[in-house]
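Colleague: Predicted model and sequence follow; I will ask about them next.
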Amino acid sequence: MLRGVATGVTAGAVAGCAGRSSDGGDGTDGTDGTDGNGTDVGSGDGSEPVSGGELVYSQQVSPIEFDPIVVNDIYSQQVCSQVFEPLYAYDERTNPVPHLAREEPTVERDGTRYIVELRDGPRFQNGDPVTAEDVRYSLTAPVEEETANAPDVEMIDTVEVVDDRTVQIDLQYGYGPFYTLALTRSVVPESVREADKDAFNLESPVGSGPFEFDDWTEGQFVDLVKWDDYWGDTLPHLDRLRFEPVEESTTRVVSLETGESDVADGITPQTWETVESAENMSLQSEPGISYYYIAFNCNEGPTADPQVREAIDYAVSMDQAVSNFIEPAGERNYAPVPLPVADSWDFPTDEWADIGHDRDIDRTAELLADAGVPEDYNFRIIVPPDDLREQIGVSVSNGLNEAGYEAEVRRYDWGTFLDTYDTGNEDDYNMYALGWLGGPDPDSYVYNLFHDGQIGATNGTYYENDSLMDDIIAARRASDIDERRELYESIIPTLLEDRVHLPSYSLRVSIGVRDYVNDFVAHPRSQYNPRVLSDYNNVWIDQ
């Protein structure tokens, strides 16, 4: 079950930010530009693959760094996934499969020991072999350096190098998603990174992947070139891969129409029909592993009162907001985990959907007055530079306005937003709109977004509930799936009833592809797009 849903390069990332982290048929019926088996139909003229050429990929936001030890945003990860490789990669349906590893890990001691053997042959782009010492270093560096990725591997106690190709990883406690989250992290060459960490991050990253880093200018482009000595069985058909950030969604589609770009990420509701109906491109869309929400400041101000949070729940019809502003690029979500995660865990989402309220402005006004909120109080909702989340915030503010209260939506650039949303200060925010892209396990969301140990890092709610925090840790550490499910089926309704978040939607991974681009298959995890070379595809351009 855990292996049947997508996970990211890291356990989680703030959705859509440049500074810590994006938006986004199930790909089985052929309506997404594939033949129904996940293989792109391409130009459909039976042409043989052609090697050479450059593919230009339009991103939503510019990458900012390239060291997997510290990278924690989607767009930087998209570049890293071409240059670096993990022990275990994901197939087209997001099952982890051995890549640098020779076979699946040996698991011992009730899930607290993992033994991984490297395959013979992988090399880094400087010619050095990928060794067990590089694996040890890659798994321990995030905690030792206290990077944003530390929670991915903080459960590791020791990593022992058994021999040049074998590591033994002992955990402090059992952690169910260790295989799907930690062992899918990229491996870096210890000697190269330690020689100059800044250069490794921003000038000359070295991995074992099929593309080498060539050049970049932040906000303009990243250029990668094919590594002709790639250790794998197959070389990419493409000679070059260029990433260009185009933040405005309409402009991304125009660049696709004109051929300035070949593939465009992040097709929005406003541009969906344009791409879907165009004759010279196709729309590929996959259910995304993402969760978007409105969160409350439970530390200071009126929203520290659960009654006020409930009143604000009455102020908005989230169903209508998602229908108006998100569909068809996303779907309504009633729980603080992505829809595919909830489905795979068989959570009672229909029951949870009943916890939220229908829109009732009179009830909003009644509850706010009863809670003693001054009539001249001005609620502040902060949102990142994203039109979709801004519309959700505006939907909430409109309801408060109708109830007789002032409410403002402040749209910040990512840097300002990230400096503000986790202060717990009433003057900074009463609510914020954000999203989280994690792995196939509820822990990726429940721990990072609600546990008090993440306050000031990934949790800006400051919600307090000691017994619930204990349950979150118990669910994180339990090795029995049924025990964990039972805990989450107690934790999540409590969070919903206390209105720590107002769950909103999950986005789809939606990508526009020009008709001359062949064998392109959109991956459910945004971090892995564009996947131009894998066991199941090798992108080529019909020139």
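Modeller: That came through, no problem.
Colleague: Find out how far the lengthiest strand in the chain is from the centre of the chain, if you would.
Modeller: Counting residues, the longest strand in the chain under DSSP state E turns out to be strand 501-514. Put simply, strand 501-514 sits 11 Å off its chain's centre (Cα atoms, centre = their mean, to the nearest Å).
Colleague: do stretch 438-455 as well
Modeller: Using Cα atoms, centre = their mean, the offset of stretch 438-455 from its chain centre is 13 Å.
Colleague: send the alpha carbons of that stretch over as CSV?
Modeller: What follows is stretch 438-455 as a C-alpha-only set of coordinates in CSV (Å, rounded to 0.1, in the frame of the first residue of the first chain):
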residue,chain,number,x,y,z
GLY,A,438,5.1,15.2,0.6
GLY,A,439,5.3,11.4,0.3
PRO,A,440,2.8,8.5,0.3
ASP,A,441,2.5,8.5,4.0
PRO,A,442,0.2,10.6,6.3
ASP,A,443,3.2,11.3,8.5
SER,A,444,4.6,13.6,5.8
TYR,A,445,1.6,15.9,6.4
VAL,A,446,0.5,15.4,10.0
TYR,A,447,3.9,15.6,11.5
ASN,A,448,5.3,18.5,9.4
LEU,A,449,2.1,20.7,9.4
PHE,A,450,0.8,20.1,12.9
HIS,A,451,3.3,18.8,15.4
ASP,A,452,4.6,21.4,17.8
GLY,A,453,8.2,20.3,17.1
GLN,A,454,7.8,21.8,13.6
ILE,A,455,6.6,25.2,14.8
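Colleague: Renumber starting at 812 from here on
Modeller: I'll keep to 812 as the first residue from here, and by that count the last item is stretch 1249-1266.
Colleague: Please point out which parts of it sit buried.
Modeller: For stretch 1249-1266, the neighbour count (16 or more other Cβ atoms under 10 Å) marks 1249-1263, 1265-1266 as buried. In this view, the C-beta of every residue, glycine as well, is placed from N, C-alpha and C.
Colleague: Ok, stretch 1077-1087 next?
Modeller: Applying 16+ other Cβ under 10 Å to stretch 1077-1087 flags 1077, 1078, 1079, 1080, 1082, 1083, 1085, 1086, 1087 as buried.
Colleague: So in terms of bridging, what pairs with the residue nearest the centre of the chain?
Modeller: Nearest residue to the geometric centre of the chain (Cα atoms, centre = their mean): residue 1248, 2.7 Å. Note on residue 1248: beta-bridge partners residue 824, judged by DSSP bridges.
Colleague: can you put the buried residues of stretch 1077-1087 in CSV and add distance to residue 1193?
Modeller: Shown next, in CSV, are the buried residues of stretch 1077-1087 (distance: Cβ to Cβ, whole Å):
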residue, distance to residue 1193
1077, 22
1078, 26
1079, 21
1080, 22
1082, 26
1083, 27
1085, 31
1086, 31
1087, 33
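Colleague: which two in those are spaced the farthest apart?
Modeller: By the measure Cβ to Cβ, 1077 and 1087 form the most distant pair in the buried residues of stretch 1077-1087, at 14.6 Å.
Colleague: For residue 1017, list the residues it contacts.
Modeller: Residues near residue 1017 by Cβ atoms under 8 Å, 6 or more residues apart in numbering: 894, 935, 936, 937, 999, 1000, 1003, 1011, 1024.
Colleague: Just to check, the first one is in contact with residue 1035?
Modeller: Translated: residue 894. Yes - contact criterion Cβ atoms under 8 Å: residue 894 and residue 1035 qualify, at 6.8 Å.
Colleague: Quick check: neighbours shared by these two?
Modeller: Overlap between the contact sets of residue 894 and residue 1035, as judged by Cβ under 8 Å, 6+ apart, is given by 1022, 1023, 1024.
Colleague: picking that back up, now go through the buried residues of stretch 1249-1266 and say which are in helices.
Modeller: 1254, 1255, 1256, 1257, 1258, 1259, 1260, 1261 (DSSP state H).
Colleague: Return the closest of those with respect to residue 889.
Modeller: Nearest to residue 889 among these, counting by Cβ to Cβ, is residue 1255 at 19.0 Å.
Colleague: distance of that closest one from residue 927?
Modeller: Residue 1255 is 22 Å from residue 927, where distance means Cβ to Cβ, to the nearest Å.
Colleague: need the ones in helices among the buried residues of stretch 1249-1266 in TSV with pLDDT and distance to residue 1091, can you?
Modeller: Below are those laid out as TSV (pLDDT from 0 to 100; distance: Cβ to Cβ, whole Å):
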residue	pLDDT	distance to residue 1091
1254	91	43
1255	89	38
1256	94	39
1257	96	44
1258	93	45
1259	91	41
1260	96	41
1261	97	46
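Colleague: These: which two are farthest apart?
Modeller: Farthest pair in these, by Cβ to Cβ: 1255 and 1261, 11.6 Å.
Colleague: Check what contacts stretch 1133-1144 and list those residues.
Modeller: Contacts for stretch 1133-1144 (Cβ under 8 Å, 6+ apart): 834-835, 1078-1080, 1083, 1098-1099, 1102-1103, 1129-1130, 1150, 1199, 1202-1203, 1206, 1314-1319, 1321.
Colleague: Buried only: go through the residues you listed for me.
Modeller: Buried among the contacts of stretch 1133-1144 (16+ other Cβ under 10 Å): 834-835, 1078-1080, 1083, 1098-1099, 1102-1103, 1129, 1150, 1199, 1202-1203, 1206, 1314-1319, 1321.
Colleague: can you pull the buried residues of stretch 1045-1060?
Modeller: Buried residues in stretch 1045-1060, counted by 16+ other Cβ under 10 Å: 1047, 1048, 1049, 1051, 1052, 1053, 1054, 1055, 1056, 1057, 1058, 1060.
Colleague: taking the residues you listed one by one, which sit in helices?
Modeller: Those of the buried residues of stretch 1045-1060 lying in helices (DSSP H): residue 1060.
Colleague: Relative to residue 964, which of the buried residues of stretch 1045-1060 is nearest.
Modeller: Set against residue 964, the nearest of the buried residues of stretch 1045-1060 by Cβ to Cβ is residue 1054 (27.1 Å).
Colleague: Okay, and the beta partners of that closest one?
Modeller: residue 868, residue 1033.
Colleague: who's in contact with it?
Modeller: Applying Cβ under 8 Å, 6+ apart, the residues near residue 1054 are 868, 870, 874, 886, 889, 890, 1032, 1033, 1035.
Colleague: Please indicate which of those are buried?
Modeller: Neighbour counting by 16+ other Cβ under 10 Å classes 868, 870, 874, 886, 889, 890, 1033, 1035 among these as buried.
Colleague: Check those and tell me the two furthest apart.
Modeller: Maximum distance among those (Cβ to Cβ): 13.9 Å, for 886 and 1035.
Colleague: Give me the phi and psi for residue 1167.
Modeller: Note on residue 1167: backbone dihedrals following degrees, to the nearest 10 are phi -70, psi 160.
Colleague: Also residue 926?
Modeller: According to degrees, to the nearest 10, the main-chain angles of residue 926 amount to phi -110, psi 120.
Colleague: pretty sure residue 1053 contacts residue 865?
Modeller: Yes - with contact defined as Cβ under 8 Å, residue 1053 reaches residue 865; the gap is 6.0 Å.
Colleague: Tell me the confidence at residue 1149?
Modeller: You'll see residue 1149 listed with a pLDDT of 92.
Colleague: ugh, typo on my part, it should be residue 986
Modeller: With respect to pLDDT, residue 986 scores 88.
Colleague: how about JSON lines for the shared contacts of residue 894 and residue 1035, with pLDDT and distance to residue 1341 added?
Modeller: Listed next are the shared contacts of residue 894 and residue 1035 as JSON lines, based on pLDDT from 0 to 100; distance: Cβ to Cβ, whole Å:
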{"residue": "1022", "pLDDT": "98", "distance to residue 1341": "11"}
{"residue": "1023", "pLDDT": "98", "distance to residue 1341": "16"}
{"residue": "1024", "pLDDT": "98", "distance to residue 1341": "16"}
